[in-house]
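In: Prediction below, plus the sequence it came from.
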Amino acid sequence: MMKWVLFIPELYYVVMAAVFFGWSIHRKGEPRRLFGWALVLSAVGVVVTLGSVQLEGMLFFDAYRVDFFSQVFKFLLALGTFWVIFTCSELNGIEERQHAEFYFFLSVCTLAMMMLVSSVELLTIYVSIELSSYSLYLLVPMRRQVDEYVETGIKYFMVGVTASAFMLFGISLLFGVTHTTYVGKILQVLPGLIREPAAVVGLVLALSGFFFKQALFPFHIWAPDVYQGAANQVTTYIATASKMAAAAMVIRFVGFSGGESPGFVYLLIGLSVVSMTFGNLVAIIQKDIKRLLAYSSIAHAGYMLIGILSMTQRGYASAIYYAVAYLVMTFACFMVILKVADDGHNLQIKELAGLHRRSPLLAMTLMMGLFGLAGIPPTVGFTGKFLVFAAALEKGYLWLVIVGMINATISLYYYLIVIKAAYLLEPLKPYPGVRVDPWTRALSIVLVILMVYLGIFPDQFVALTEAAARSLL
């Protein structure tokens, strides 16, 4: 097999980015035509990545690894991108003259994140994460009310470059300790050196770049403002596809230590506990639903880390399952936000009042998504939490599981506030009806079925995540 075949998904998104780059130069694209092309190209991208799932091999002097783990995440990234573009039929939050640039940066960011999940060499990883980050830095300020939210883009950029500097310093420490930048060689050398302070500090600082992407405490401070300040479609992309790539790389990196350093494990446990607790407690007082979901994402990064820090095949598989569950549940919630706030404004929780009468299907989709995020059976969110808690119990982290369960109970309060608004509150003023086209209706039904089916019958998908974890190890 020719080696370039292994790079087919990435090459496809290079071509997709080139198409929209050409449109951005000529500025002749009509919004509806651009949306049609973006939808078709992103749908083809899903098919291309699905067809490449079984590919295996090494590229670029063994700095790029194509395996089942990376290919599964590439498919999920392509799927997340398609779902986001699917909601862009009315891209009211972004100026029409910038629609081509919007799809261009979306394509480039997806390409970068696909490169990120296959990179197994530190500098390749760094370049990939920077390419994806700078694409997002440019997407966030594209919102129409640029004067009102200009601070958001600046804050995101400043925090991002700071995390990037920490990451680069950590990479230099790892190179100094191990004398290599290749993940495979570091994996062999680092367990014997993990008790050295430089090795632990280097690993933690290198992980900071991925913790920033995941919005894990204390790298979370950008998330609430960026979720609120970015256009709704951009926020949806950051909350779904971007988190998938970060989760994939945290899983790869945590495997470096081999579980040999108790101090490193305790550090991860501390980050998990603080992220869960801080995210859930601050989410309680939020009135803007995007800010609420931002703090919720901080808490869910903590839940996901419970599975990762177990450092076992079951733990990694549970983290992969949780990442996929989070993608589905979060997109379901954001799809409802996009449709209710179809003019691109920030949606307040009180604006959901009476949603069950304005659009029963969207109300049900929102309810199932929030039930899943809260971990209520029989949703996929309950199964995801069960799997990460089971992996932690297997390693003897009973008290960590108890803390996780307490936090899951706390989260019920603010999720139920949103559901209460949609089903029990009467609107103080008449809100316009919600237009739901047949395609959105079909996607809503698919998402609801998916959230329930994967929760009740997770066996096949759990086997898939275990296969991905095996290829990682």
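Out: Nice, I can see it.
In: Would you map the helices across the stretch 101-250 of the chain?
Out: 122-139, 146-178, 183-193, 197-214, 223-229, 232-237, 243-254 (DSSP state H, counting those that start in this stretch).
In: Can you pull the poorly scored residue ranges out of the stretch 251-400 of the chain?
Out: Applying pLDDT under 70 to the stretch 251-400 of the chain flags residues 255-264, 344.
In: go with 80
Out: Confidence mapping of the stretch 251-400 of the chain against pLDDT under 80 gives the ranges 252-265, 267, 310-312, 341-346, 354.
In: what do you get for the stretch 51-200 of the chain?
Out: Residues of the stretch 51-200 of the chain that meet the criterion pLDDT under 80 lie in 53, 55-59, 62, 88-98, 142-153, 183-197, 200.
In: If we use 90, what do you get?
Out: Along the stretch 51-200 of the chain, the parts satisfying pLDDT under 90 run over 51-107, 113-200.
In: Please report the number of neighbouring residues for residue 155.
Out: Using other C-beta atoms under 10 Å, the number of residues around residue 155 comes to 16. For glycine as for every other residue, the C-beta is placed from the backbone atoms N, C-alpha and C.
In: I figured it hits residue 224, correct?
Out: No. Distance between residue 155 and residue 224: 10.3 Å, which falls outside the contact criterion (C-beta atoms under 8 Å).
In: returning to that earlier point: kindly state which of the helices of the stretch 101-250 of the chain is positioned closest to residue 437.
Out: Put simply, out of these the one that sits nearest residue 437 is helix 232-237, at 16.1 Å, with distance taken as C-beta to C-beta.
In: Which elements pack onto that closest one?
Out: Where contact means 3 or more C-beta pairs under 8 Å, 6 or more residues apart in numbering; DSSP states H and E, helix 232-237 is packed against helix 68-86, helix 99-118, helix 122-139, helix 313-340.
In: 7 Å - rerun?
Out: Contact here means 3 or more C-beta pairs under 7 Å, 6 or more residues apart in numbering; DSSP states H and E; on that basis helix 232-237 packs against helix 68-86, helix 313-340.
In: Any idea how far the longest one is from the middle of the chain?
Out: Helix 313-340 sits 8 Å away from the centroid of its parent chain (C-alpha atoms, centre = their mean, to the nearest Å).
In: Next, the angle from it to helix 68-86.
Out: 10 degrees (axes from the mean of the first three to the mean of the last three C-alpha atoms, to 10 degrees).
In: could you point out which element follows helix 313-340?
Out: helix 355-358 (DSSP states H and E).
In: in that next one, what counts as buried?
Out: Neighbour counts over helix 355-358 (16 or more other C-beta atoms under 10 Å) mark 355, 356, 358 as buried.
In: which strands and helices sit next to it?
Out: Helix 355-358 makes packing contacts with helix 360-374, helix 398-423 when contacts are defined by 3+ C-beta pairs under 7 Å, 6+ apart.
In: just checking, next helix/strand downstream of the shortest one?
Out: Counting by DSSP H and E, the element after helix 360-374 in chain order, helix or strand, is helix 380-394.
In: next one: the last one
Out: Along the chain past helix 398-423, the next helix or strand (assigned with DSSP H and E) turns out to be helix 438-456.
In: I'd like the distance from that next one to the chain centre, please.
Out: Distance of helix 438-456 from the chain centroid (C-alpha atoms, centre = their mean) equals 19 Å.
In: can you list contacts of that helix?
Out: Taking C-beta atoms under 7 Å, 6 or more residues apart in numbering as the criterion, the residues outside helix 438-456 that touch it are 86, 325, 328-329, 332, 339, 361-362, 364-365, 368-369, 372, 377-380, 382-383, 461.
In: Would you mind giving the orientation angle of that helix with respect to helix 68-86?
Out: Computed by the same axes, to 10 degrees, the angle between helix 438-456 and helix 68-86 is 150 degrees.
In: and helix 438-456 with helix 360-374, angle?
Out: Taking the same axes, to 10 degrees, helix 438-456 and helix 360-374 form an angle of 30 degrees between their directions.
In: mind listing what's buried in helix 438-456?
Out: By neighbour count, with 16+ other C-beta under 10 Å as the criterion, the buried positions of helix 438-456 are 440, 443, 444, 447, 448, 450, 451, 452, 454, 455.
In: go on, stretch 58-75?
Out: Under the neighbour-count rule (16+ other C-beta under 10 Å), stretch 58-75 has 58, 63-75 buried.
In: what's the answer for stretch 409-427, then?
Out: For stretch 409-427, a neighbour-count test (16+ other C-beta under 10 Å) marks 410, 411, 412, 414, 415, 416, 417, 418, 419, 421, 422, 423 as buried.
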